[in-house]
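Engineer: could you work out the structure for the sequence below:
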Amino acid sequence: MNLITFFLTLWLVHDSMGLMRLIEHLRYRAGRALHPTILLLAAIYLVYHVIQGNYGLLAMRELDHELVQLQSLSSQVRAHRLALEAKTDRLRPDNLDPELLDQQARKVLGFVRRDEVLILLAPAEH
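Structural biologist: Okay, here's the model as predicted:
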């Protein structure tokens, strides 16, 4: 029923039934529309929270994206840790790598052999 026929019906009902019957008729029509309206509003509320809520679809997509980033970071940190473990294993007394020991002594302590020439470079500015 469109809006024009609704108002025409109200006008005709008003003319034929009087004001009290018009009010009664409007209450009846409003009562019939109340339950579907409440159900519609509840459905809209639930759908909104399924999509936008704290645990909704958008939040889950964002959490999945964050999980992928953290897994990538975790694999990078794990690879770096394994590289450091391999390097420290080569510096243990029972498994000493002379070349690595020489490299670390030069790097950390600044050692230079007598037959080598040391060239110092200025630190790069950013």
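Engineer: check which element follows the helix or strand bottoming out on mean pLDDT in the chain along the chain.
Structural biologist: Counting by mean pLDDT, DSSP states H and E, the chain has its least confident helix or strand at helix 3-17, which shows a mean of 65. Per DSSP states H and E, helix 3-17 leads on to helix 19-52 as the next helix or strand towards the C-terminus.
Engineer: centre of the chain versus that next one, how much separation?
Structural biologist: Helix 19-52 sits 36 Å away from the centroid of its parent chain (C-alpha atoms, centre = their mean, to the nearest Å).
Engineer: any weak-confidence spans in this structure?
Structural biologist: Residue ranges of the chain with pLDDT under 70: 1-3, 7-8, 10-23, 126.
Engineer: what's the local residue count around Arg90?
Structural biologist: 15 (other C-beta atoms under 10 Å). Quick note: C-beta positions are derived from backbone N, CA and C, even for glycine.
Engineer: and the closest residue to His49 other than its chain neighbours, how far is that from Asp64?
Structural biologist: Closest residue to His49 apart from its sequence neighbours, by C-beta to C-beta, 6 or more residues apart in numbering: Gly56 at 6.3 Å. According to C-beta to C-beta, to the nearest Å, Gly56 stands 13 Å off from Asp64.
Engineer: just give me the residue closest to the centre of the protein.
Structural biologist: Glu62 (2.3 Å; C-alpha atoms, centre = their mean).
Engineer: which element is that one on?
Structural biologist: In the assignment (DSSP H and E), Glu62 maps to helix 57-90.
Engineer: that helix packs against which elements?
Structural biologist: For helix 57-90, the elements it packs on are helix 19-52, judged by 3 or more C-beta pairs under 8 Å, 6 or more residues apart in numbering; DSSP states H and E.
Engineer: any idea of the angle the helix it packs on forms with helix 57-90?
Structural biologist: Here the directions of helix 19-52 and helix 57-90 differ by 10 degrees (axes from the mean of the first three to the mean of the last three C-alpha atoms, to 10 degrees).
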